[in-house]
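Asks: here is my input; please provide its structure:
(2 chains)
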Amino acid sequence: QKEVEQNSGPLSVPEGAIASLNCTYSDRVSQSFFWYRQYSGKSPELIMSIYSNGDKEDGRFTAQLNKASQYVSLLIRDSQPSDSATYLCAVGFSGGYQKVTFGIGTKLQVIP
Amino acid sequence: GAVVSQHPSWVICKSGTSVKIECRSLDFQATTMFWYRQFPKQSLMLMATSNEGSKATYEQGVEKDKFLINHASLTLSTLTVTSAHPEDSSFYICSARDAGGARSYGYTFGSGTRLTVV
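Replies: Numbering: from 1, shown residues only, chains lettered A, B, ... in the order given. Take a look at the predicted model:
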């Protein structure tokens, strides 16, 4: 059983701070990693994808991957109230149309 | 980026009736689509993998005779909830990936269908 673990939160951070979201996964052959943002009642939208060890930055978002530790994280700099949402970590497997497994999601609350 | 259109966005039906949900890939061909269900405050749970031109692959515990999936073309997959009951009330979401696009596109989700069975 492939598992993706996240703390459900809520994680509360003040506006302007850095929000750090963490995710661990159980299957060592996992190849692709995604962070999705989901607002209440809406479908998920892709924030970041990462495939190699290290950091990947896109605007205020940085994804970090450590395959040896089976750990992936998402940092949100200068957090805004509009960032308040549930962040889903998703892990997929090599190539093609392999299905992804989602974590339960971490609810982030950015306090003005 | 890839766009997946899902309809209807919400539906209310009577217990015992059937409901069809459609997902279309608008600007790419989706050989494979995934169908998820999400109950309140829970994560997305994969129900089945829909393959164009062949039978869908269902996850353990999902009744294939109750959740009928048809993927007749490269741009359309449908999920039919047959003989719906109140416990089927949930948020159903489809997902696909544009194999011809950048890998960074990941999997694109439809807008979801909120099903309420009364």
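
Asks: tell me the residues of chain A that contact chain B?
Replies: Contact residues (C-beta under 8 Å from any C-beta of the partner chain) of chain A with chain B: A:32, A:34, A:36, A:41-46, A:49, A:51, A:88, A:90, A:92, A:96-97, A:99-105. In short, each C-beta sits where N, CA and C put it, glycine included.

Asks: now those residues: which count as buried?
Replies: Buried members of those, scored by 16 or more other C-beta atoms under 10 Å in any protein chain shown, are A:32, A:34, A:36, A:43-44, A:46, A:49, A:88, A:90, A:92, A:97, A:99-105.

Asks: narrow those residues to those in strands?
Replies: Counted as lying in strands by DSSP state E, out of those, are A:32, A:34, A:36, A:46, A:49, A:88, A:90, A:92, A:101-102.

Asks: give the residue spans of chain A that score low on pLDDT.
Replies: Scanning chain A for pLDDT under 70 picks out the ranges A:1-2, A:94-98.

Asks: now what about the helix or strand B:Tyr36 falls within, what contacts it?
Replies: In this assignment (DSSP states H and E), B:Tyr36 forms part of strand B:32-38. Strand B:32-38 is contacted from outside by A:97, A:99, B:23, B:25, B:44-52, B:67, B:69, B:71, B:77, B:79, B:90-97, B:107, B:112, using C-beta atoms under 8 Å, 6 or more residues apart in numbering or on different chains.

Asks: now that strand: how far from the chain's centre is it?
Replies: Relative to the chain's own centre, strand B:32-38 is displaced by 4 Å; criterion: C-alpha atoms, centre = their mean, to the nearest Å.

Asks: put the alpha carbons of that strand into CSV.
Replies: Coordinates of each C-alpha in strand B:32-38 appear next as CSV, following Å, rounded to 0.1, in the frame of the first residue of the first chain:
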residue,chain,number,x,y,z
THR,B,32,-6.1,7.9,-19.5
MET,B,33,-8.4,9.7,-17.1
PHE,B,34,-8.7,9.2,-13.4
TRP,B,35,-11.9,9.4,-11.3
TYR,B,36,-11.7,10.5,-7.7
ARG,B,37,-14.2,10.9,-4.9
GLN,B,38,-13.8,13.3,-2.0
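
Asks: list the buried residues of that strand.
Replies: B:32-38.

Asks: which residues touch residue 21?
Replies: All of this is about chain A. Counting by C-beta under 8 Å, 6+ apart, A:Leu21 touches A:6, A:11, A:35, A:73-76, A:87, A:89, A:106, A:108.

Asks: nope, chain B
Replies: By C-beta under 8 Å, 6+ apart, the contact list for B:Ile21 reads B:6-8, B:11, B:78-81, B:92, B:94, B:113, B:115.

Asks: let's see 10 Å
Replies: B:6-9, B:11, B:35, B:67, B:69, B:77-81, B:92-94, B:110, B:112-113, B:115 (C-beta atoms under 10 Å, 6 or more residues apart in numbering or on different chains).

Asks: is it true that it lies in a strand?
Replies: Yes: counting by DSSP: H, G, I helix; E, B strand; the rest coil, one finds B:Ile21 located in a strand.

Asks: next one: it from A:Ala90, what distance?
Replies: From B:Ile21 over to A:Ala90 the distance is 21 Å, taken as C-beta to C-beta, to the nearest Å.

Asks: can you check B:Tyr107 too?
Replies: Counting by C-beta to C-beta - B:Tyr107 and A:Ala90 are separated by 8 Å.

Asks: shared neighbours, those two?
Replies: Residues touching both B:Tyr107 and A:Ala90 (C-beta under 10 Å, 6+ apart) are A:32, A:34, A:36, A:44, A:46, A:49, A:99-100, B:95.
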